[in-house]
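**Student:** Predicted model and sequence follow; I will ask about them next.
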Amino acid sequence: MENPGLVKTLLVEDDQRLAKLITKFLARHGFAVQVVRRGDQALAAIAELKPQIVVLELLLPDQNGLHLCRRIRDGFDIPIIILTAKGDDRDQVLGLESGADDYVVKPVKPSVFLARLRALLRRHIPTKQPTALDILEFGQLSIDRSGRVVSLADQRIDLTTMEFELLSLLASAAGTLFSRDEILNRIRGIPFDGINRSVDVHISKLRGKLNDNPRNPELIKTIWGRGYLFNPFAWEA
């Protein structure tokens, strides 16, 4: 019988030895891992298993992992963490732009990987009892932080976990400037190393979904050399 207390996890990894090591490690920390070794098996496994998180290798034998990431993101509301040896800065940007919520480069310390998994799960799982404090409203924008629902002009906006957390953080302190370092520390609990492009990528995608002008953004403003801030006065019709 399946243990309901375990975190159902789908691992898409073609390296059989590594998959066994990851599965064994995560099993000791409350995760029930199912492994598929090909991209063409992943979507069917997600539909059947209904995992709470997907761990995705990009170097798959049958298809481009970035393409698979986009297909998962388009079809399922589920956190995706890429775990891959492709550590180039451009690869990380492409992974995040393809819909991943986090990008981890191999080799990584197991404890660090576990912490990233748990942090992503905490951000994705809503609380049970919403309160008035969980609803942020700015003109046509509504952010239900408990239900993790964002609406603009009465139209629901589908956001990834990272995009939602980023918007929620900025909006909860509207008008306050956040540096990249502050954003990464508050959302992921990791410092900004001057190279990590994830904040910039997620800001860009978030602006696109909120119909913010990419050349002259007014909703989420860039303060060059300092960071980003949420403009509370730019959401009226």
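**Tutor:** Nice, I can see it.

**Student:** tell me the domain boundaries of the chain?
**Tutor:** 7-124, 132-230 (automatic domain parsing).

**Student:** Nearest to E236, out of these?
**Tutor:** With C-beta to C-beta as the criterion, E236 lies closest to domain 132-230 of the domains of the chain, at 4.2 Å. The way it works is simple: take the backbone N, C-alpha and C, and place the C-beta from them, glycine included.

**Student:** mean confidence for the closest one?
**Tutor:** Computed over domain 132-230, the mean pLDDT rounds to 84.

**Student:** how far does that domain sit from the chain's center?
**Tutor:** On the basis of C-alpha atoms, centre = their mean, to the nearest Å, domain 132-230 sits 12 Å off its chain's mean C-alpha point.

**Student:** Quickly find the element holding V35.
**Tutor:** Assessed by DSSP states H and E, V35 sits inside strand 31-36.

**Student:** Show me the contact partners of that strand.
**Tutor:** By C-beta atoms under 8 Å, 6 or more residues apart in numbering, the surrounding residues in contact with strand 31-36 are 2-3, 6-13, 19, 22-23, 26-27, 42, 45, 49, 51, 117.

**Student:** Same question for stretch 198-212.
**Tutor:** 92-93, 96-97, 102-103, 141, 152, 157-160, 162-163, 166-167, 180, 183-184, 192, 214, 217-220, 222, 228.

**Student:** which of these are buried?
**Tutor:** Neighbour counting by 16 or more other C-beta atoms under 10 Å classes 92-93, 96-97, 102-103, 141, 152, 157, 159-160, 162-163, 166-167, 180, 183-184, 192, 217, 219-220, 228 among these as buried.

**Student:** Contact partners for the residue nearest in space to the middle of the chain?
**Tutor:** With distances taken as C-alpha atoms, centre = their mean, D101 lies nearest the centre of the chain, 2.1 Å away. Contacts here follow C-beta under 8 Å, 6+ apart; on that basis D101 touches P79, I80, I81, L120, R123, H124, T160, T161, M162.

**Student:** So the second one versus I157, what's the distance?
**Tutor:** So the one you mean is I80. Applying C-beta to C-beta, to the nearest Å, the value for I80 to I157 is 18 Å.

**Student:** cool, the first one as well?
**Tutor:** Using C-beta to C-beta, one obtains 17 Å as the distance from P79 to I157.

**Student:** Secondary structure class of L83, three-state.
**Tutor:** strand (DSSP: H, G, I helix; E, B strand; the rest coil).

**Student:** quick one on the thing from earlier: can you check the pLDDT for the residue nearest to the centre of the chain?
**Tutor:** Looking at D101, its pLDDT stands at 90.

**Student:** Past the longest helix belonging to the chain, which element shows up next along the chain?
**Tutor:** Secondary structure of the chain per DSSP state H: the longest helix is helix 110-124. Downstream of helix 110-124, the next assigned helix or strand under DSSP H and E is strand 135-138.

**Student:** For the chain, which segments are assigned as helices?
**Tutor:** Using DSSP H, helices in the chain cover 16-27, 39-49, 65-75, 89-97, 110-124, 161-172, 180-187, 198-209.

**Student:** would you turn those helices into JSON lines with distance to E137?
**Tutor:** What follows is those, written out as JSON lines (distance: least, C-beta to C-beta, whole Å):
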{"stretch": "helix 16-27", "distance to E137": "39"}
{"stretch": "helix 39-49", "distance to E137": "34"}
{"stretch": "helix 65-75", "distance to E137": "27"}
{"stretch": "helix 89-97", "distance to E137": "28"}
{"stretch": "helix 110-124", "distance to E137": "21"}
{"stretch": "helix 161-172", "distance to E137": "10"}
{"stretch": "helix 180-187", "distance to E137": "22"}
{"stretch": "helix 198-209", "distance to E137": "18"}
